[in-house]
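Enquirer: Model the structure of this input:
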Amino acid sequence: MNLFLILLLSLPGSVSVAAASGLSLFIKDSMIERLVPRMVHFSAGALLGATFLGRLPAAARSIGERHVFSYVLAGVFGFFFLEKFM
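Expert: Take a look at the predicted model:
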């Protein structure tokens, strides 16, 4: 029953991905060249963000909440300034 439910619920996602890739055949190449880097950046950021947020509770249990969140804040500010100056 669970397997059937998983397959049933994953079907709309699979169909929508197939439809989106099929529709990309009708989009101009210049628009695709503009959209692909943005989509890649978004997907990479989403994967890294999900992984990072998923690991925060384990790190907080390991070394303490105060240390983890101070490191996170320092990292966010560090990358912000690094991006602004590069």
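Enquirer: got the contact list for the residue positioned nearest the centre of the chain?
Expert: The residue lying closest to the centre of the chain (C-alpha atoms, centre = their mean) is Ala46, at 1.2 Å. By C-beta atoms under 8 Å, 6 or more residues apart in numbering, the contact set of Ala46 is empty. Backbone N, C-alpha and C define where each C-beta goes, glycine included.
Enquirer: Could you check how far it is from Phe52?
Expert: Distance of Ala46 to Phe52, given as C-beta to C-beta, to the nearest Å: 11 Å.
Enquirer: Could you do Leu35 as well?
Expert: 25 Å.
Enquirer: Ok, Ile32 next?
Expert: Relative to Phe52, Ile32 is positioned 30 Å away (C-beta to C-beta).
Enquirer: what helix or strand does Ser70 sit in?
Expert: Ser70 belongs to helix 65-85 when assigned by DSSP states H and E.
Enquirer: which helices and strands sit right next to that helix?
Expert: Helix 65-85 sits against helix 29-63, with contacts defined as 3 or more C-beta pairs under 8 Å, 6 or more residues apart in numbering; DSSP states H and E.
Enquirer: Helix 65-85 and the helix it packs on, what's the angle between them?
Expert: 150 degrees (axes from the mean of the first three to the mean of the last three C-alpha atoms, to 10 degrees).
Enquirer: could you give me the average pLDDT of helix 29-63?
Expert: In this model, helix 29-63 has a mean pLDDT of 89.
Enquirer: Check the burial of Ala20 by counting its neighbours.
Expert: A count of neighbours around Ala20, defined by other C-beta atoms under 10 Å, yields 9.
Enquirer: mind exporting the helix holding Ser70 as CSV, just the C-alpha atoms?
Expert: The C-alpha trace of helix 65-85 is given here as CSV (Å, rounded to 0.1, in the frame of the first residue of the first chain):
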residue,chain,number,x,y,z
GLU,A,65,24.1,26.0,20.2
ARG,A,66,26.0,29.2,21.0
HIS,A,67,29.2,28.1,19.2
VAL,A,68,27.3,26.7,16.1
PHE,A,69,25.2,29.8,15.6
SER,A,70,28.2,32.2,16.1
TYR,A,71,30.1,30.2,13.4
VAL,A,72,27.1,30.3,11.1
LEU,A,73,26.7,34.1,11.6
ALA,A,74,30.5,34.6,11.0
GLY,A,75,30.3,32.4,7.8
VAL,A,76,27.3,34.3,6.5
PHE,A,77,28.9,37.7,7.0
GLY,A,78,32.3,36.4,5.7
PHE,A,79,30.8,35.2,2.5
PHE,A,80,28.7,38.3,2.1
PHE,A,81,31.7,40.6,2.3
LEU,A,82,33.7,38.2,0.1
GLU,A,83,31.1,38.4,-2.5
LYS,A,84,30.9,42.2,-2.3
PHE,A,85,34.6,42.7,-2.7
